[in-house]
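S.K.: Structure of the sequence below:
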Amino acid sequence: MKTMILVVALCCTLITAAEQMKTTQPVNYVREGPASYYDVIATIEANVAVYVLEHKGSWVKVKTGAKDVGWLSENSFAKRSDQRPDALTKGKTTSRASRAELAAAVKGFAKKYVPEGTQSEETLNKYESRSFGPEDMDAFERSFSVQQFRGYMRVEKPFDLTFHEDAIGLGIAQRVAAQGLLDNKVATAYVNLIANYLAKYTRAYDVTFRVAILADQKVNALSCPGGYIFITDGLLKQCTNEAELAALIGHEMGHIIQRHGIKELHIRTPKIHAEEAFAELDEEVGEEKSSDEKELDSFADEAYDNVMRPRLISYEFEADQLAMTYLKRAGYDQTALQPLLVRMEEPLEKTTDIFASNFMTGDDVRDRVVKVRQTISAERWSPEPKKQFTDRFKKYTSGI
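M.R.: So this is what the prediction gives:
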């Protein structure tokens, strides 16, 4: 009997040990469900042991030492990438932070980063909760027929998002959003469904992508660190079907995943104690800024300038390549980017963009069209009207 008890105890010990995993990323978001669009309930630092309760696709249900039960992506246990600027990873990440604590720190930074005199509360609120639920995503996913496609994986870089990068991204996004967002809940929910569906087929499948529509007729799109994407309604009107809109969103996602907006900042390694700086940013306005807070402000300003200035054409080529890859993986017409780019040439030739420093010329677009056509020809892809979802696109964008 004693032998049997000993054997059972030993087996239980082995099972428990086998069900433990350690996080590897500097910040790991524990979510309510197994997808990036679920709310964050806690965040834990690297090298923290968690108990594994269940596996579902690329997600792992865990129980933390703080007794939180939620979902971590497999990226949380992957070998860490060294692609991030050092400034974003300085300082100690708390072993556990609540959703309220995260929201307070991020919003505190974003509010103070918006230029004085801007009414920021309305636009900030648009980022606080998702515009669709799991049931909406389930219904959306059922419309696709997906086949595995691993092409161009050599282009993709590992991606892990830090809390500090998310906060800086929201600060930049708030400055962009202050210029005026389109008040159309149906269309906004629609573009966010597309983005977070596409995310499943990227290296950043555990990042919540947030898409907003800028109320402007000019042809432009912007992406900010942390997963924030802006599309002008003028550019949205250039799209004729959902596959083209997905290509546009996928292109901006490519910029974020490849870190094009902040890549040049890698040469700077300021010694920011980021946690302290964010705490200070959340204090009352008017107090003297510390050196850490000033350095964080400076870093965010440089990141903002990088987002707003012209991108290198090589970045555009890379983002186009990734957009086509995401379309193919997700079950869209993989050729949809080409007609959209061709259609964009004329308005870009005739107008000056609202973001003058970020203006792209018609010649730039023509160069992109050439590259896209070369890829389509090399892969022997043909347009697939059934994968363009034209009727659904018209339904959800008719109010624009």
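S.K.: Counting neighbours, what do you get for the closest residue in space to residue 141 that isn't next to it in sequence?
M.R.: Nearest-residue entry for residue 141: residue 197, 6.5 Å, with adjacent residues in sequence omitted and distances by CB to CB, 6 or more residues apart in numbering. No exception for glycine: its C-beta is placed from N, CA and C like everyone else's. Residue 197 has 23 neighbours, counted by other CB atoms under 10 Å.
S.K.: Pull the contacting residues for residue 197.
M.R.: Residue 197 sits next to 137, 140-141, 330 when contact means CB atoms under 8 Å, 6 or more residues apart in numbering.
S.K.: go again using 10 Å as the cut-off
M.R.: When contacts are counted by CB atoms under 10 Å, 6 or more residues apart in numbering, residue 197 touches 35, 37, 137, 140-141, 143-144, 209, 246, 249, 326, 330-332.
S.K.: Would you mark the buried spots in whichever strand or helix holds it?
M.R.: Using DSSP states H and E, residue 197 maps to helix 185-199. Residues of helix 185-199 classed as buried: 187-199 (neighbour count, 16 or more other CB atoms under 10 Å).
S.K.: for stretch 247-260, same thing?
M.R.: In stretch 247-260, counting by 16+ other CB under 10 Å, buried: 247-260.
S.K.: cool, and stretch 133-148?
M.R.: Buried, per 16+ other CB under 10 Å, within stretch 133-148: 136-137, 140.
S.K.: Do you have the strands of the chain handy? List them.
M.R.: Secondary structure of the chain by DSSP state E: the strands cover 20-22, 28-31, 40-44, 49-56, 59-63, 69-73, 97-98, 210-214, 221-224, 228-232.
S.K.: still on that earlier bit, can you tell me which of the contacts of residue 197 are in helices?
M.R.: In this view, the contacts of residue 197 that belong to helices under DSSP state H are 137, 140-141, 246, 249, 326, 330.
S.K.: ok, so of these, who is nearest residue 174?
M.R.: The closest of these to residue 174 turns out to be residue 249 (CB to CB; 20.1 Å).
S.K.: quick one: contacts for residue 384?
M.R.: 243, 331-336.
S.K.: Could you report the distance from residue 393 to residue 225?
M.R.: Distance of residue 393 to residue 225, computed by CB to CB, to the nearest Å: 29 Å.
S.K.: Of these two, which one has the most company?
M.R.: Each of residue 393 and residue 225 has its neighbours counted (other CB under 10 Å); residue 225 has more, 31 against 20.
S.K.: can I assume that one is in contact with residue 172?
M.R.: Yes: checked against CB atoms under 10 Å, the pair residue 225 and residue 172 is within contact range at 6.8 Å.
S.K.: any low-confidence regions in the stretch 201-350 of the chain?
M.R.: Applying pLDDT under 70 to the stretch 201-350 of the chain flags residues 261-311, 347-350.
S.K.: Quick check: can you list the domain ranges of the protein?
M.R.: 2-77, 86-278+293-397 (automatic domain parsing).
S.K.: Run through the helices of this structure in chain order.
M.R.: Under DSSP H, the chain gives helices at 2-18, 99-113, 121-125, 134-141, 163-177, 185-199, 233-236, 242-257, 274-281, 291-308, 313-330, 337-350, 362-379, 390-397.
S.K.: Would you mind writing the CA trace of the fourth one as CSV?
M.R.: This points to helix 134-141. Extracted C-alpha coordinates of helix 134-141, given in CSV (Å, rounded to 0.1, in the frame of the first residue of the first chain):
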residue,chain,number,x,y,z
PRO,A,134,-15.6,36.3,-30.1
GLU,A,135,-18.9,35.3,-31.7
ASP,A,136,-18.5,37.9,-34.4
MET,A,137,-15.0,36.6,-35.2
ASP,A,138,-16.2,33.0,-35.3
ALA,A,139,-18.9,33.9,-37.8
PHE,A,140,-16.4,35.9,-39.9
GLU,A,141,-13.9,33.1,-40.0
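S.K.: Which pLDDT value belongs to the closest residue to residue 184 other than its chain neighbours?
M.R.: Spatially, and ignoring its direct neighbours in sequence, residue 184 is nearest to residue 399 (5.6 Å; CB to CB, 6+ apart). Per-residue confidence (pLDDT) for residue 399: 87.
S.K.: Export the strands of the chain to a markdown table and append columns for mean neighbour count and distance to residue 179.
M.R.: As requested, those are arranged in a markdown table below (neighbours: other CB atoms under 10 Å; distance: least, CB to CB, whole Å):
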| stretch | mean neighbour count | distance to residue 179 |
| --- | --- | --- |
| strand 20-22 | 13 | 44 |
| strand 28-31 | 24 | 29 |
| strand 40-44 | 21 | 28 |
| strand 49-56 | 14 | 40 |
| strand 59-63 | 20 | 36 |
| strand 69-73 | 21 | 33 |
| strand 97-98 | 18 | 31 |
| strand 210-214 | 24 | 6 |
| strand 221-224 | 24 | 10 |
| strand 228-232 | 25 | 9 |
